[in-house]
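Visitor: got a structure for you, letters missing:
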């Protein structure tokens with residue numbers, strides 16, 4: 001079970017308990033409404049705080065994974081570029097060798 005679901009369950013249970021406790025308390029209606037409003041505001045602030053905390057954690061993880069992906073991309077790019085340069089240099093050397101062979105053959109046939 002994810003921590004978000006556990007948190008939601010705990011907050012819902014706390015809210016239900018607080019509301020039931022206030023509703024069954026022997027207070028006047030105006031006092032009960034005032035307590036309900038205060039509890040609602042308190043629970044709302046707690047929920048906002050936890051949501052903000054989870055959002056910050058999520059942003060942090062996303063940034064962390066973006067850095068990892070960026071690093072892996074850079075490493076792969078360097079490898080591909082290095083391999084490409086190596087293949088180019090090998091082809092260039094072969095072409096030079098073939099050119100020299102052709103010149104030699106042309107000179108010996110002349």
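Guide: Structure received. Quick caveat: nothing in here was measured; it's all calculated off a predicted structure. Residues are numbered from 1 along each chain as shown.
Visitor: any idea how far residue 7 is from the residue most central in space within the chain?
Guide: The structure's the chain has its C-alpha centroid closest to residue 62; by Cα atoms, centre = their mean the separation is 1.9 Å. Distance, residue 62 to residue 7, using Cβ to Cβ, to the nearest Å: 20 Å. Placement of C-beta: from N, CA and C, glycine included.
Visitor: Please state the offset of the lowest-mean-pLDDT helix or strand in the chain from the chain centre?
Guide: Using mean pLDDT, DSSP states H and E, the weakest-scoring helix or strand in the chain turns out to be helix 3-23, at a mean of 76. Averaging C-alpha positions (Cα atoms, centre = their mean, to the nearest Å) puts helix 3-23 30 Å from its chain's average.
Visitor: any low-confidence regions in this protein?
Guide: 1, 22, 25, 27, 110 (pLDDT under 70).
Visitor: What segments of it are helices?
Guide: Secondary structure of the chain by DSSP state H: the helices cover 3-23, 29-109.
Visitor: Tell me which of those sits most buried.
Guide: helix 3-23 (a mean of 12; mean count of other Cβ atoms under 10 Å).
Visitor: how big is the angle separating it from helix 29-109?
Guide: Counting by axes from the mean of the first three to the mean of the last three Cα atoms, to 10 degrees, helix 3-23 lies at 170 degrees to helix 29-109.
Visitor: neighbouring contacts of helix 3-23?
Guide: With Cβ atoms under 8 Å, 6 or more residues apart in numbering as the test, helix 3-23 has contacts from 32, 35-36, 39, 43, 46-47, 50, 54.
Visitor: same thing but at 6 Å, please
Guide: 32, 35-36, 39, 43, 50 (Cβ atoms under 6 Å, 6 or more residues apart in numbering).
Visitor: between the residues you listed, which is nearest residue 106?
Guide: Among these, residue 50 lies closest to residue 106 (Cβ to Cβ), at 82.8 Å.
Visitor: And that closest one, how far from residue 8?
Guide: Residue 50 is 9 Å from residue 8, by Cβ to Cβ.
Visitor: Quick check: residue 58 vs residue 18, distance?
Guide: Residue 58 sits 28 Å away from residue 18, going by Cβ to Cβ.
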